[in-house]
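A.B. asks: okay, structure incoming, though there's no sequence with it:
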C-alpha cells in the first residue's frame, strides 16, 4: 500500500511536513547532533591528554626509582659489547684509511633513510665487533657495513624506515647480489652470538641531558662531536658513557654553556678524551659537514667553523705579541672555570716567536738533510762541532777586558719543539 501524505489531517509534530519524506539533520535550528559530536570528540581528546599526563608522571617516577639500576646495567653491557682494537689492527686487507670512506657511505645512507641517531652508532659498533672476530676481505668491507646498518635499523628503529635489500643494493651500485646481503646479515649475527643490544653514546647522552632543561643546540653539537669520533681509531676503545660525557663537556665549552657540578654523573668527563676531541675538530668529513649544516640540526658545523676561526685569531695574536712586552693583564675567572676542560698551562717562560718544527717522519738514525728527513743518500753529519781554542790575540783582549765592568747576563731561551 502506497503512502499518501494527504491522508493525514496533520503533519508529523516532531519533524513537520517534508516533501522528500526524509529528515535532514543539517536543517535543525539548534544543531544538537553537531554539538553532541563535537562534545564527544572534545571529551575524547581531553581524556587522551589526561592519560598521557598520568603515563608520563608514572614513567618519571619509575625512572627515578630504577635510574641507578638502569645506569649500572648499561655500564655493564657497554663493557661486554666493546670491540677490540688490537684484533682489528691485525686485519690483513682492511686498512685504517678505508674507514672514513665506509663511514661516509653509512652516514649518507643513515641520513637518506632518516634513521634514529642511535642506529648509526649501533651499526658502527656491530661493524667493529665483527671485524674484531672475523677476517674481512677488502671487497666485502662495504657489505659488512650494510649488514650492520640493516641489523641496527631492525633492532631499534622505526619499522617503516628500515631500508630494504633492494635499496641497499642500489646504493652499492649493484655490487652485491640480494642473497649476499641476507647471508652476511646472518653471518654477523652468528659471529656476535645474536647479542645486538649495545648502549650507544646517544643513550648516555639522553640520560645526561635529562638533568638540564631542553637545549636542542647543545644536543645537536654533542651528536656532531660523537659522530666525528667514529672516524678515528683512537676513540674505538673509549666506552660510550665516557665519550658521551666528554663530548657534552666539549659542546658546552664551544657554546659557552655553564658546566654542571662535578658531583653530577654527567659532569664526570675524561680530560684526555676532551683534548683529543678538540684536536680533531679541524679535520671533519665533508659528509658530516653537509649533514650538520642544515637548520633542523642547528647548523652546528657552521658554529664550530666560526669557533675555530676565533681560536686561530687568538693564537695568531699571541704569537705576534712582542717577547719583551710585559703587561699586567687582569684575568676575570668565572665562578665555574675549574669545572671546564682546560689545557694545562706552562709557567711564565719567554715565548719563542719561531720554534723548531717537528719532522713528519722520524730521521733514520743520524742522517738528516736540508729538504727532507731520513735520506740515506745524504752525508752523515756530526752531532756537534767542537769549539776551537781561543787565539793569542783573543787571550790578550780578554786580559784587558778583565778590568771592565762585567757584561749583563743573558738567559738563553730554550727552543721548544712545536
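C.D. replies: Everything's here; your move. A quick note: this is a predicted structure, and the numbers were derived from the prediction, not measured. Residues are numbered from 1 along each chain as shown.
A.B. asks: list the contacts of residue 278.
C.D. replies: residue 250 (C-beta atoms under 8 Å, 6 or more residues apart in numbering). C-betas here are computed from N, CA, C, even on glycine.
A.B. asks: what's the distance between it and residue 249?
C.D. replies: 10 Å (C-beta to C-beta, to the nearest Å).
A.B. asks: domain map for the chain?
C.D. replies: According to automatic domain parsing, the chain comprises the domains 92-191, 201-307.
A.B. asks: and the last one, end to end?
C.D. replies: Read it as domain 201-307. 24 Å (C-alpha to C-alpha, to the nearest Å).
A.B. asks: do the same with the shortest one
C.D. replies: Separation of the first and last residues of domain 92-191 by C-alpha to C-alpha is 19 Å.
A.B. asks: which pLDDT value goes with residue 48?
C.D. replies: Residue 48 is assigned a pLDDT of 88 by the prediction.
A.B. asks: one more: residue 312?
C.D. replies: So residue 312 comes in at 89 (pLDDT).
A.B. asks: now do residue 83
C.D. replies: 95.
A.B. asks: report all helices and strands that the helix or strand hosting residue 225 contacts.
C.D. replies: Assigned by DSSP states H and E, residue 225 belongs to helix 216-229. Using 3 or more C-beta pairs under 8 Å, 6 or more residues apart in numbering; DSSP states H and E, the elements in contact with helix 216-229 are helix 117-133, helix 201-209, helix 240-254, helix 271-279, helix 286-291, helix 300-320.
A.B. asks: let's see that with 6 Å instead.
C.D. replies: With contacts taken as 3 or more C-beta pairs under 6 Å, 6 or more residues apart in numbering; DSSP states H and E, helix 216-229 sits against helix 240-254, helix 300-320.
A.B. asks: could the ones you listed be laid out in a markdown table, adding mean neighbour count and distance to residue 49?
C.D. replies: Listed next are the helices and strands packed on helix 216-229 as a markdown table, based on neighbours: other C-beta atoms under 10 Å; distance: least, C-beta to C-beta, whole Å:
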| stretch | mean neighbour count | distance to residue 49 |
| --- | --- | --- |
| helix 240-254 | 24 | 33 |
| helix 300-320 | 13 | 34 |
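A.B. asks: mean pLDDT lowest where, among those?
C.D. replies: Ranked by mean pLDDT, the helices and strands packed on helix 216-229 end with helix 300-320 at the bottom, a mean of 89.
A.B. asks: tilt between that one and helix 240-254?
C.D. replies: 60 degrees (axes from the mean of the first three to the mean of the last three C-alpha atoms, to 10 degrees).
A.B. asks: give me the contacts around helix 300-320.
C.D. replies: Residues outside helix 300-320 that contact it (C-beta atoms under 6 Å, 6 or more residues apart in numbering) are 220-221, 224, 254, 281-282, 289, 292-293.
A.B. asks: what of stretch 100-112?
C.D. replies: By C-beta under 6 Å, 6+ apart, stretch 100-112 touches 120, 145, 149, 171, 230-231, 285, 287, 291.
A.B. asks: ok, stretch 225-243 next?
C.D. replies: With C-beta under 6 Å, 6+ apart as the criterion, stretch 225-243 contacts 75, 78, 83, 85, 96, 100, 103, 124, 199-201, 204, 247, 250, 270, 277, 280, 284.
A.B. asks: distance between the ends of that stretch?
C.D. replies: 9 Å.
A.B. asks: show me which positions of it end up buried.
C.D. replies: Neighbour-count burial for stretch 225-243 flags 225-232, 235-236, 238-243 (criterion: 16 or more other C-beta atoms under 10 Å).
A.B. asks: next, give me the two most distant ones among the residues you listed.
C.D. replies: Across the buried residues of stretch 225-243, the longest distance by C-beta to C-beta is 20.3 Å; it joins 231 and 241.
A.B. asks: okay, now the unreliable bits of this structure?
C.D. replies: Applying pLDDT under 70 to the chain flags residues 1-31, 62-63, 262-263, 321-418.
A.B. asks: longest helix in it, please.
C.D. replies: Using DSSP state H, we find that the single longest helix of the chain is helix 32-80.
A.B. asks: now the angle from that one to helix 240-254?
C.D. replies: Comparing the axes of helix 32-80 and helix 240-254 via the same axes, to 10 degrees yields an angle of 110 degrees.
A.B. asks: one step back: can you tell me which of the contacts of stretch 100-112 is nearest residue 162?
C.D. replies: Nearest to residue 162 among these: residue 149, at 9.8 Å, using C-beta to C-beta.
A.B. asks: tell me who's in contact with the closest one.
C.D. replies: Contacts were defined as C-beta under 6 Å, 6+ apart; by that measure residue 149 touches 106, 123.
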